[in-house]
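Novice: structure for this input, please:
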Amino acid sequence: MSSEFRLKKLRGSGGYVMATVNDEQQTKGNLGGPDLFLAPIGRLDPEKISKYYCNTCEKEYEGSPRVDYETPNEVVAENLVLLEKGQYMCTTCGSILAEYRNFSKPDAKADVGTARPDVSTQAASVSSPPPSISTKSFEAPNSSGLKTFNSVAGLVVYDSEARRIGVVKEVGIQPGQSGIVLVVTKNDGTDSMVKWEEIRKIGEIVLLGGQITNADLKCSKCSSTNSPGSKFCESCGNKL
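Specialist: Coordinates of the predicted model:
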């Protein structure tokens, strides 16, 4: 594959950068649409970034944004290691332009398996998630009534048109309903639930098979149906 660098616009959730990337990096950033995305590429050399645009400032800046990152080298599932995670941030206002996570498979030929749950949570009375979910531990129900798997929390979600939808808030099983759901905090700050069968792929990002819909939220306490984006139940006031 060619190692020639070309100047490209790489989009993020909070802006974009203009950077010189090679063919391999372009392939990573191409999610099937006309635009290239920064998150799948990961951390770029600041010298390769000529300018960036911040949506919050509504302004273009010369040079590279600040890149904060850490290298946890954490085993998040069988044959899957989280090598690095980081954020591109505006040097003026501190807003996040893009987030990324880089994973590695120690055995390139083997599939990714499920994570080993913590000993304290092995007795949880709920079915295990599908093998393709990278889970870390199984937790007790939270205030929203969901039992959650935290290792995919924070991943950026895109729809089938390669448009950034939001960020994974949690993954879990809602009591009284069958199947796994993905709770996504959308760009406008509201939460939506996505059924597992609507997810095409989970890796460095979450790719949906279609466009996200604003499903009505059902209260776990009184079972009342609430309007999309509701934070509290409109009937009993329970936190959703």
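Novice: could you use CA atoms for every contact and neighbour count after this?
Specialist: OK.
Novice: helix/strand/coil for K28?
Specialist: For K28, the assignment made with DSSP: H, G, I helix; E, B strand; the rest coil gives helix.
Novice: quick one: neighbours of the closest residue in space to F5 that isn't next to it in sequence, just the number.
Specialist: Distances taken as CA to CA, 6 or more residues apart in numbering put N22 closest to F5, at 4.4 Å, once the chain neighbours are dropped. Neighbours of N22 under the rule other CA atoms under 10 Å: 16.
Novice: isn't N22 right up against K28?
Specialist: No. N22 lies out of contact with K28 (CA atoms under 8 Å); the separation is 10.2 Å.
Novice: check contacts around D68.
Specialist: Counting by CA atoms under 8 Å, 6 or more residues apart in numbering, D68 touches 86-89.
Novice: how is this protein divided into domains?
Specialist: According to automatic domain parsing, the chain comprises the domains 6-104, 119-226.
Novice: next, format these as a markdown table and append distance to G237 and mean pLDDT.
Specialist: Formatted as a markdown table, these follow (distance: least, CA to CA, whole Å; pLDDT from 0 to 100):
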| stretch | distance to G237 | mean pLDDT |
| --- | --- | --- |
| domain 6-104 | 32 | 91 |
| domain 119-226 | 9 | 62 |
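Novice: wait, which of these is closest to K239?
Specialist: Closest to K239 of those is domain 119-226 (CA to CA; 6.2 Å).
Novice: center of the chain - which residue?
Specialist: L155 (1.5 Å; CA atoms, centre = their mean).
Novice: so what's that one up against?
Specialist: 100-101, 167-168, 204-206.
Novice: out of those, who's nearest P65?
Specialist: Among the contacts of L155, and counting by CA to CA, the member closest to P65 is Y100, at 14.2 Å.
Novice: tell me which element the closest one falls in.
Specialist: Assigned by DSSP states H and E, Y100 belongs to strand 96-104.
Novice: buried sites along that strand?
Specialist: Across strand 96-104, burial judged by 16 or more other CA atoms under 10 Å covers 96-103.
Novice: next: stretch 16-35.
Specialist: So for stretch 16-35, counting by 16+ other CA under 10 Å, buried means 16-22, 25-26, 29-31.
Novice: re the thing from before, could I get the domains of the chain as TSV with distance to S235?
Specialist: Listed next are the domains of the chain as TSV, based on distance: least, CA to CA, whole Å:
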stretch	distance to S235
domain 6-104	34
domain 119-226	7
